[in-house]
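**Q** I need the structure of the sequence given here:
(chains A and B)
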Amino acid sequence: MSEARDQIFGDIRARLGRGRLDPAANAAAEERLNAHRRNLVPARAASLDHAGQVALFIAEAQAVDTTIARVANAGDVPGAVADFLSSQNLPARLVMTPDPKLDAIPWDARPMLELRRGRAEDSDAAGITGAFAAIAETGTLMLISGELTPTRNNFLPDTHIVVLRASEVVACYEDGWDRLRAAGAMPRTVNFITGPSRTGDIEQRLVLGAHGPRRLHIVLVDDAQSRE
Amino acid sequence: MEPTSHAFKANAHRALGDANLQRAMTMMRTGFPEKRAQAIARLPEFEALRDEGIAIKNHVIAHLDFYLERFEQNVVANGGKVHWCRTAQEARETVLALCRALDAKTVTKGKSMVGEEIAINDFLEKNGITPVETDLGEYIVQIRHEPPSHIIAPAVHLVKEQVADSFRATHTHLPHDRVLEEPRVMTDEARSVLRQKFLAADVGITGANFLIAETGSSIIVTNEGNGDLTQILPKAHIVLASLEKVVPTLEDASTMLRLLARSATGQEFSTYTTVSTGPRRATDTDGPGEYHVVILDNGRSALLGGEFQDMLRCIRCAACLNHCPVYGAIGGHAYGWVYSGPMGAVLTPTLIGIEEAGNLPNASTFCGRCESVCPMRIPLPKMMRQWREREFSKRLSPATQRWGLALWAFAAQRPALYRQVSALAARVLGFFGAGRGRFRALPLAGGWTDMRDMPAPEGKSFMTLWAERQRKTRRVS
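**A** Now for the predicted structure:
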């Protein structure tokens, strides 16, 4: 297939009326690629302080059918999870990613919550994950794959509960990319999730839970950093 | 698929008489445009973002070789592989070889227009591999053995009763007399059928909305999550992408994504935007073991530097379909191939030839809505006009039309003659039409009068009236 590759690149250059980019143009393109310059970022979120961004995140997420419970600290998370499950008449059985972010939560305080730590299977009806960040601009969660954060946990269970710290809320996607670059190498998968799964493919009528979760519930923890 | 674009007129005629289609299109015509207008009203920067998106695409087009090379380097650096394909045939063979190497029996698919373009499903099936479409709309048209009729809403031409019938005919393991009236119930049924397919698939194939040169990633955007289950559960993830999908950086992709969902469905952001980079990492507990990107040219590089180059900016949002009065009247199947609506009318002749698709650029009222809603401001009406000119100069248009135009051009170049002929015609038609005020039929103009009445001229021609008026004013002054 290298013959195909050569011909495609040859055709592109011939149609553009040049050979390979000259050194100056090449350097300019290289610079553009490595500078990660931002294009226009809408003022909607970027113009707000952090508390405003958290409030915007909540409003945008709720507008696309995400439900949110806001709690004061990690100690309140198990109760909030149990309350949500009972409000939806769901069994208190959950699969939880082995994400260390979830370790500080005193799950034992609610012994009725039956937690299995690990990778989600088809039989798991509900699951809990953390998040890498959350984007205020559109009420979007940003989750990444890794050894302790398998991607399938975001999609297989019918109910997806996300424990999000307020300090993880950023203004825009670009802030998310900055955090990701600072964290190290690009993960296999980055999931931006804006509300529960949906389809309008039959007569444009909105139905939640097409293939991914039909419920997306966020327990938002007002951690110390976000109160400063 | 075998194109039927040459039979556009017959296709369109049939579509106009199809009651189910007309019911479905009525729902479609209001839904999308209203949602788009609301989303854009919420974002004051939308016009400025369009300009930036266009600048990004134009920059990429001018540096396409550079960004494709960088993309490939970074895919390889992350453990993936890029396959370059000049034609649909090469792309089909490549995908088949990858599937065979993995001994694949079933393949799940996220919705991919490039997949439709290369007709991958038929090819895999002929070679003993079962492809399963997983986007709900795409699944519905697959079990009906139909092509998609819309680039983002494949089953938009159907009403729910048709979907129910197809489910009853296909899901024979379920009781035949079950109630299937609500989209909710049908969606649940498809969900449980397809969940088993996701878990059993050996290979997952998706398209790509964007490729990112900086990281060697592909991006897909879905609302259902089907594209995610398609790529994370099987042994390999194959991405089908055409070469103009590449953008430089994650920041550039973010700008494009701000335009895409709003233009397409009127959402602020699609439910799932997924960035995939290489196969699963050594320590990952899930994800595909292999990551392949099949990059298709299929005539696109030939658009560079020519009058249709701007078409390479298209991000397949379907805003032009959603706002087109012609598409809204006849739906996508009448266009006779993979791409429909205004973008299809421009792109299809570049991919399968003006000889086959010459009718498509003629199916436009030139109302200009497509260009005005296109996030990439692609001059679609201008390009359709260019196709018409090419078609005319290649002598592909019907002889009567050519002679008519030649006759008109002869007169139009001779103003005195033109005035005499038009004044005479106005008098003659005015005389014969005076009783009714309109004509139900006219010789040589059946194409017009079959569908509507021709109003009879009420008096003199414009030029005659103008000359008289000029004389009068001169006399007064």
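
**Q** ok, how many other residues are close to residue 168?
**A** All of this refers to chain A. 24 (other Cβ atoms under 10 Å in any protein chain shown). Bear in mind the C-beta positions are built from the backbone N, C-alpha and C, glycine included.

**Q** actually it's chain B I care about, not the one you picked
**A** Number of residues near B:Arg168 (other Cβ under 10 Å) recorded here: 16.

**Q** mind listing what it touches?
**A** B:176, B:180 (Cβ atoms under 8 Å, 6 or more residues apart in numbering or on different chains).

**Q** and what about it, helix, strand or coil?
**A** Under DSSP: H, G, I helix; E, B strand; the rest coil, the three-state class of B:Arg168 is helix.

**Q** give me the pLDDT for it.
**A** Looking at B:Arg168, its pLDDT reads 97.

**Q** for chain A, see how far away it is.
**A** Noted for B:Arg168: a distance of 14 Å to chain A, by Cβ to the nearest Cβ, to the nearest Å.

**Q** contacts only, for the residue sitting nearest the centre point of chain A.
**A** For chain A, A:Met142 is the residue whose C-alpha lies nearest the centre (Cα atoms, centre = their mean; 2.0 Å). Residues counted as contacts of A:Met142 (Cβ under 8 Å, 6+ apart) are A:131-135, A:176, A:190-193.

**Q** burial count for the closest residue to it other than its chain neighbours?
**A** Distances taken as Cβ to Cβ, 6 or more residues apart in numbering or on different chains place A:Ala133 nearest to A:Met142, at 4.3 Å, with adjacent residues excluded. Counted with other Cβ under 10 Å, the neighbours of A:Ala133 add up to 24.

**Q** helices and strands of chain B: which one bottoms out on pLDDT?
**A** Counting by mean pLDDT, DSSP states H and E, chain B has its least confident helix or strand at helix B:446-449, which shows a mean of 75.

**Q** per the annotation, how does chain A divide into domains?
**A** A:1-35, A:42-227 (automatic domain parsing).

**Q** and the pLDDT at the residue of chain B found nearest chain A?
**A** Here chain B gets closest to chain A at one residue, B:Gly225, 2.7 Å apart by Cβ to the nearest Cβ. Looking at B:Gly225, its pLDDT stands at 97.

**Q** any idea how far the nearest residue to it once chain neighbours are set aside is from B:Trp408?
**A** Nearest residue to B:Gly225, sequence neighbours excluded (Cβ to Cβ, 6+ apart): A:Gly212, at 2.7 Å. As judged by Cβ to Cβ, to the nearest Å, A:Gly212 and B:Trp408 stand 58 Å apart.

**Q** tell me which of the two has more neighbours.
**A** More crowded of A:Gly212 and B:Trp408, by other Cβ under 10 Å: A:Gly212, with 29 against 11.

**Q** which intervals of chain B have sub-threshold pLDDT?
**A** By pLDDT under 70, the weakly predicted segments of chain B are B:477.

**Q** domains in it, as residue ranges please.
**A** Split by automatic domain parsing, chain B gives B:43-302, B:413-476.

**Q** distance check, B:Ala7 against B:Ile54.
**A** B:Ala7 sits 35 Å away from B:Ile54, going by Cβ to Cβ.

**Q** show me the strands in chain B, by range?
**A** B:81-85, B:106-109, B:130-133, B:203-206, B:210-212, B:217-222, B:236-242, B:246-247, B:272-276, B:290-296, B:438-439, B:454-455 (DSSP state E).

**Q** pick out the residue of chain A closest to chain B.
**A** For chain A, Cβ to the nearest Cβ, closest residue to chain B: A:Gly212, 2.7 Å.

**Q** what helix or strand is that residue on?
**A** For A:Gly212, there is no host helix or strand (DSSP states H and E).

**Q** likewise for the one 4 residues further on?
**A** In this structure, A:Leu216 sits in strand A:215-221 according to DSSP H and E.

**Q** is it true that B:His333 touches B:Ala15?
**A** Yes - assessed by Cβ atoms under 8 Å, B:His333 is found in contact with B:Ala15 at 6.9 Å.

**Q** which parts of the stretch 301-450 of chain B sit against chain A?
**A** Contact residues (Cβ under 8 Å from any Cβ of the partner chain) of the stretch 301-450 of chain B with chain A: B:301-306.

**Q** which stretches of chain A have low pLDDT?
**A** Applying pLDDT under 70 to chain A flags the ranges A:1, A:224-228.

**Q** rerun that using 90 as the cut-off
**A** Applying pLDDT under 90 to chain A picks out residues A:1-2, A:103-104, A:185, A:223-228.

**Q** so who does B:Gly207 touch?
**A** Contact partners of B:Gly207, counting by Cβ under 8 Å, 6+ apart, are B:110-115, B:220, B:239-241.

**Q** if we can go back for a sec, neighbouring strands of the strand holding A:Leu216 in the sheet, and parallel or not?
**A** Neighbouring strands of strand A:215-221 in its sheet, by DSSP bridges, are strand A:67-71 (parallel), strand A:159-165 (parallel).

**Q** okay, now A:Ser47: neighbour count?
**A** 11.

**Q** make that A:Arg181, sorry
**A** 13.

**Q** with B:Asn223 instead?
**A** 28.

**Q** may I have the phi/psi pair for the nearest residue to B:Tyr291 once chain neighbours are set aside?
**A** Of all residues beyond its chain neighbours, the one nearest B:Tyr291 is B:Gly80 (3.7 Å), with distances taken as Cβ to Cβ, 6+ apart. Note on B:Gly80: its backbone torsions stand at phi -100, psi -180 [degrees, to the nearest 10].

**Q** who's in contact with B:Gly80?
**A** Applying Cβ under 8 Å, 6+ apart, the residues contacting B:Gly80 are B:216, B:277-279, B:290-293.

**Q** farthest-separated two in these?
**A** Spatial extent of those (Cβ to Cβ) is set by the pair B:Gly216 and B:Glu290 at 14.3 Å.

**Q** which one's more surrounded, these two?
**A** Using other Cβ under 10 Å, the more surrounded residue of B:Gly216 and B:Glu290 is B:Gly216, with 25 against 19.

**Q** quickly note the distance from that one to B:Gly289.
**A** 17 Å.

**Q** ok, back up a step: what sits up against the strand holding A:Leu216?
**A** A:54, A:58, A:61, A:65-74, A:76-77, A:80-81, A:84, A:88, A:141, A:158-166, A:193, A:195-196, A:208-209.

**Q** make it 6 Å
**A** With contacts defined as Cβ atoms under 6 Å, 6 or more residues apart in numbering or on different chains, strand A:215-221 is touched by A:66-71, A:74, A:77, A:80, A:84, A:159-165, A:195-196.

**Q** output it as PDB, restricted to C-alpha atoms.
**A** The C-alpha atoms that make up strand A:215-221 are tabulated as PDB, following Å, rounded to 0.1, in the frame of the first residue of the first chain:
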ATOM      1  CA  ARG A 215     -29.500   8.000  33.600                       C
ATOM      2  CA  LEU A 216     -26.500  10.200  34.300                       C
ATOM      3  CA  HIS A 217     -26.300  11.400  37.800                       C
ATOM      4  CA  ILE A 218     -23.600  13.600  39.200                       C
ATOM      5  CA  VAL A 219     -22.700  13.900  42.900                       C
ATOM      6  CA  LEU A 220     -20.900  17.200  43.000                       C
ATOM      7  CA  VAL A 221     -18.600  17.600  46.000                       C
END
